[in-house]
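1. below: sequence and its predicted model.
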Amino acid sequence: MTLQKLGLAASALAVALALPVAAQASKLTMGMASEPSAIDPHYHNLGPNNALRRHMFESLVDQDEKQNLGPLLATSWKPTGETTWEFKLREGVKFQDGSAFTARDVIYSACRIPNVPNSPSNFTSFTKAISGFEAPNDHTLIVHTSVATPLLPTYFSNWGVISATANGIKGDIKYDKENCGIANFPNTVDFNSGKAAIGTGPFKLKEFVKGDRLVLEQNAGYWGTKPEWTSVVMKPITNAAARMAALLAGDVDFIAAPPTQDLAKLLTNPKFDVAQGLSNRVIYLHMDQFGPSSNGVKGTGSPAGKYEGEGPCASKECEKNPFLDVRVRQALSKAINREAIVSKIMGGVAVAAGELLPQGFFGTNPGAAPEAYDPEGAKKLLAEAGYPNGFELVLGTPNDRYINDAKVAQVIAQMFTRIGVKTTVNAMTKSVFFKTRNKYEFSIYLAGWGAGTGEMSNPLRALVGTRSKETGLGGTNRGRYSNAELDKKILSALSTVDDAKRELILKAASKMAMEDYSILPLHYEVTSWAHRKGLSYKARADQYTVATGISSSK
Amino acid sequence: MTVTTTPPKAITPFRRFVEDFAEKRLAVAGLFVFVALVLAAIFAPWITPQNPYDLTQIDFMDGRLAPGSSGATMTFWLGTDDQGRDLLSGIFYGLRTSLSVGAISTVIALVIGGSLGLIGAYFGGKIDTIIMRIADLQLSFPAILIALILVSALGQGIDKIIIALVAVQWAYYARTIRSTALVERRKEYIEAATCLAISHRRIVFKHLMPNCTPPLIVVGTVQVAHAISLEATLSFLGIGVPITEPSLGLLIKNGFDYMLSGDYWVSFYPGLALLITIVSINLVGDQLRDVLNPRLQK
């Protein structure tokens, strides 16, 4: 014990002495909470991948730390008709292999997006609306969409551009929804090895050793303001306490997601600083609202009908699904003391949620308050719904995906148990959790959703729209809530170009989803980053950790 | 002068065993501690102030209180973890899980491994080769790796952990008993039994087995400690017992997140309990080995 302390003190001293030197070398070492699954910008639509993508592969449109759109590879854009948009592309931009950036590269990238083998979740939701491209010259791009797509510029901020020339394409590319007549796209392995990792971004890939480090190097030929760092090392340190220890010991300059319980101590430590910002990520509970029976529920009696469709109850006996009754859903919502979770478990670093996006985002209802904690009311509702003695429930949760996820789930289990719904928690690592969830094995689960577009249509579409390939709704609606009227509202919002009108529709849709207790929002994550004194970070609403946002304060 | 000689007291083997065992104070202390821990585990529901597995009894608003703090209804002598579980109760209940998982898996593995080893040694030939090669294969992988794979494939739950622990342990017993049995089966009493045309089953289990058990007991004792620490490791990695019913390993893991925040007690006390358990079992096991080893007999 004492020896360890001594060692810690010694290393802290060494860090203090080494600091000025480290700053001069302009090398930045970052401790990351999770590692990207690939360097390939089109492989996996996942937070860490998208954050890394921003270093190397720029998109046409930028999203700043507040998710406001701005010019990046496109200097300006405007709708030229109901279903056409014109993008003016930036001139004088070169890829890291020296080839010039033109409209062809954008078309090529859009062609590749649906053609990434084994992609766990691809980016087609951002390119699906595109029905054709025209390139009158190298730096003008006309985009045709199949339906009115007001969010097209936002979609274009979500995927990176790769070089057509560097990948051996000569001549023009004729866009179609299949593969544009291109047989050989670079594969994900080529990106990971660095061979195909050629973008226009401020950094280029130097080395990617999975599980150990990812080294980026400044792109000397970058068109914009060059980043402050000549070299950036990202180390995946998935354990929060270990990440924190690495920062305290000076092994890293900057860490993502410091443990919430240590924030107070960090803030009072003169050697370190914390950056914080409200994120667009809501943590929610989703309830199985599909068939007459539900897996993992006990004590509700026999189901009213036969279970038909995908899910474990199709092949085995399950008990009655209580969540089809809105009173039960409301009772569970009332049973949750959101403010207490925020103050006690999240250490105050979260905001209790009443909708799927925090106040102030596009499409939220001003004043939408979190459900008030009312265990007595909850018991009454349960009794009305025919469960005076409650029932048994298994709550599924990941234990390494969201801030304090399993801890929050346990507290919710305590709260549910108090109103008579005896709850056990089934916590598992994220990969297993998502697989299990996608097989509909949970009757209730805890998860989170970050709105990539920063407005309400995104969470509504993904989480409460009826699951359907045709409409593209309900991609992550694994509770399988379905409400035709709500679907209509979401779809009409998605094709309404007028901002004011769209906002009104979204507000009404959000209100409707909340009043029907289709999903139970818990809280919005407040994201924290910690770093040594002398640095500063612009907290991002999308929770991404990007080296370009880190600067040394002078 | 008459010399009165009292006839020497008959020394039964058991008495001799007890006397030999008692020679080492440390081992006796270990045994006492172990018995105390077992009693604490068995009677946990009656002696702990709280049932840490009952979600209506714990309140997260009491979370992370320092040792000695008083909550609404009770005093938390060893503090609480982040969910508001009384750590003293948590440790007793955790011991219950850890010890029973260790004991049950050891007994099952002992029965399976012991029988397979005996059968292999007695019959020899192909049966022996097959059993022993499987055991070799099993031993060539680190125990934790096999357990990890099994638990992630089978899913969570105490029964799954027991299966995993049996799977990683049976080979030790099979090897141990086989080596003793190989020597024993060439001895005259086995030959005599064979000449009397006693059935194989009777020879193996009535004649051979009793003479092969001492080393098995020693290995078994040490393996209980091993099983307990393996279970703690699995739970620490978050793939063992359910999160709402923590064993010692999971309690340590819960506290690990708060180590740097200064809330040492959440990890420290369960860790101490685990350490004491394993040390006491090992002390007993070591002395057993010395006592049961004929070469060290005075």
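-> Looks like it arrived, so ask away.
2. for chain B, what's the longest helix?
-> Determined from DSSP state H, the single longest helix within chain B is helix B:87-123.
3. check which helices and strands that one sits against.
-> helix B:25-42, helix B:44-47, helix B:125-139, helix B:158-184, helix B:209-236, helix B:248-256, helix B:265-292 (3 or more CB pairs under 8 Å, 6 or more residues apart in numbering or on different chains; DSSP states H and E). From N, CA and C alone the C-beta is placed, and that goes for glycine too.
4. quick one, it and helix B:265-292 angle?
-> Helix B:87-123 and helix B:265-292 are oriented at 30 degrees to each other (axes from the mean of the first three to the mean of the last three CA atoms, to 10 degrees).
5. quick check: residues of the stretch 151-298 of chain B near chain A?
-> B:152, B:156, B:238-239, B:242-244, B:256-263 (CB under 8 Å from any CB of the partner chain).
6. tell me which element the closest residue to chain A within the stretch 1-150 of chain B falls in.
-> Per CB to the nearest CB, the residue of the stretch 1-150 of chain B with the smallest distance to chain A is B:Leu55, at 3.9 Å. With elements taken from DSSP states H and E, nothing contains B:Leu55; it lies in neither a helix nor a strand.
7. can you classify the nearest residue to it once chain neighbours are set aside by secondary structure?
-> If you skip the residues right next to it in sequence, B:Leu55 has A:Thr417 as its closest partner in space, 3.9 Å away by CB to CB, 6 or more residues apart in numbering or on different chains. On the three-state scheme (DSSP: H, G, I helix; E, B strand; the rest coil), A:Thr417 is labelled helix.
8. again with A:Pro114
-> When the structure is split into helix, strand and coil by three-state DSSP, A:Pro114 lands in helix.
9. neighbours of it, just the number please.
-> Neighbour count for A:Pro114, taken as other CB atoms under 10 Å in any protein chain shown: 17.
10. so for the longest helix of chain B, mean pLDDT?
-> Averaged across helix B:87-123, pLDDT comes to 93.
11. check stretch B:129-137 too.
-> Mean pLDDT, taken over the full extent of stretch B:129-137, equals 93.
12. and the residue nearest to B:Leu55, how many neighbours does it have?
-> A:Thr417 is surrounded by 22 other residues when neighbours are defined as other CB under 10 Å.
13. how much space separates it from A:Gln410?
-> Distance of A:Thr417 to A:Gln410, given as CB to CB, to the nearest Å: 11 Å.
14. middle-most residue in chain B, spatially?
-> Of all residues in chain B, the one closest to the mean position by CA atoms, centre = their mean is B:Val224, 1.8 Å from it.
15. spit out the contact partners of it.
-> When contacts are counted by CB atoms under 8 Å, 6 or more residues apart in numbering or on different chains, B:Val224 is found next to B:Gly102, B:Ala103, B:Thr106, B:Ile281, B:Gly285.
16. which parts of the stretch 201-350 of chain A sit against chain B?
-> With the criterion set to CB under 8 Å from any CB, the stretch 201-350 of chain A comes near chain B through A:Ala240, A:Ala241, A:Met244, A:Ala245, A:Leu248, A:Pro259, A:Gln261, A:Asp262, A:Lys265, A:Ala340, A:Lys344, A:Ile345.
17. go again using 7 Å as the cut-off
-> In this structure, the stretch 201-350 of chain A approaches chain B at residues A:Ala240, A:Ala241, A:Met244, A:Ala245, A:Pro259, A:Gln261, A:Asp262, A:Lys265, A:Ala340, A:Lys344, A:Ile345, judged by CB under 7 Å from any CB of the partner chain.
18. using TSV, lay out those residues together with secondary structure, pLDDT and neighbour count.
-> Converted to TSV, those look like this (DSSP: H, G, I helix; E, B strand; the rest coil; pLDDT from 0 to 100; neighbours: other CB atoms under 10 Å in any protein chain shown):
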residue	secondary structure	pLDDT	neighbour count
A:Ala240	helix	87	24
A:Ala241	helix	87	18
A:Met244	helix	93	26
A:Ala245	helix	92	19
A:Pro259	coil	90	24
A:Gln261	helix	85	23
A:Asp262	helix	88	26
A:Lys265	helix	86	16
A:Ala340	helix	95	17
A:Lys344	helix	90	20
A:Ile345	helix	91	24
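19. want to throw these into JSON lines with distance to B:Leu251?
-> Output for those, formatted as JSON lines (distance: CB to CB, whole Å):
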{"residue": "A:Ala240", "distance to B:Leu251": "18"}
{"residue": "A:Ala241", "distance to B:Leu251": "15"}
{"residue": "A:Met244", "distance to B:Leu251": "21"}
{"residue": "A:Ala245", "distance to B:Leu251": "21"}
{"residue": "A:Pro259", "distance to B:Leu251": "18"}
{"residue": "A:Gln261", "distance to B:Leu251": "17"}
{"residue": "A:Asp262", "distance to B:Leu251": "20"}
{"residue": "A:Lys265", "distance to B:Leu251": "23"}
{"residue": "A:Ala340", "distance to B:Leu251": "23"}
{"residue": "A:Lys344", "distance to B:Leu251": "19"}
{"residue": "A:Ile345", "distance to B:Leu251": "17"}
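20. now the two most distant members of those.
-> A:Ala245 and A:Ala340 (29.3 Å; CB to CB).
21. now for A:Arg54: which residues touch it?
-> Contacts here follow CB atoms under 7 Å, 6 or more residues apart in numbering or on different chains; on that basis A:Arg54 touches A:Tyr544, A:Val546.
22. which of the residues of the stretch 151-298 of chain B next to chain A count as buried?
-> B:152, B:156, B:238-239, B:242-244, B:256-261, B:263 (16 or more other CB atoms under 10 Å in any protein chain shown).
23. got the CA positions of stretch B:100-116 in PDB?
-> Taking C-alpha atoms only, stretch B:100-116 is exported to PDB below (Å, rounded to 0.1, in the frame of the first residue of the first chain):
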ATOM      1  CA  SER B 100     -20.800 -23.200  -1.800                       C
ATOM      2  CA  VAL B 101     -19.700 -22.700  -5.400                       C
ATOM      3  CA  GLY B 102     -16.200 -23.800  -4.400                       C
ATOM      4  CA  ALA B 103     -17.400 -26.900  -2.400                       C
ATOM      5  CA  ILE B 104     -20.100 -28.100  -4.800                       C
ATOM      6  CA  SER B 105     -17.900 -27.800  -7.900                       C
ATOM      7  CA  THR B 106     -15.000 -29.500  -6.100                       C
ATOM      8  CA  VAL B 107     -17.100 -32.400  -5.000                       C
ATOM      9  CA  ILE B 108     -18.600 -32.900  -8.500                       C
ATOM     10  CA  ALA B 109     -15.200 -32.600 -10.200                       C
ATOM     11  CA  LEU B 110     -13.800 -35.000  -7.600                       C
ATOM     12  CA  VAL B 111     -16.400 -37.600  -8.300                       C
ATOM     13  CA  ILE B 112     -16.200 -37.300 -12.100                       C
ATOM     14  CA  GLY B 113     -12.400 -36.900 -12.300                       C
ATOM     15  CA  GLY B 114     -11.800 -39.500  -9.600                       C
ATOM     16  CA  SER B 115     -13.900 -42.200 -11.200                       C
ATOM     17  CA  LEU B 116     -12.400 -41.500 -14.700                       C
END
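24. run through who's touching it.
-> Outside stretch B:100-116, the residues that touch it by CB under 7 Å, 6+ apart are B:131, B:158, B:161-162, B:165-166, B:169-174, B:177, B:216, B:220, B:223-224, B:227-228, B:231.
25. burial count for B:Arg202?
-> Count around B:Arg202 with other CB under 10 Å applied: 12.
26. leaving out chain neighbours, which residue sits closest to it?
-> Leaving out its chain neighbours, the residue that sits closest to B:Arg202 by CB to CB, 6+ apart is B:Ala193, at 7.9 Å.
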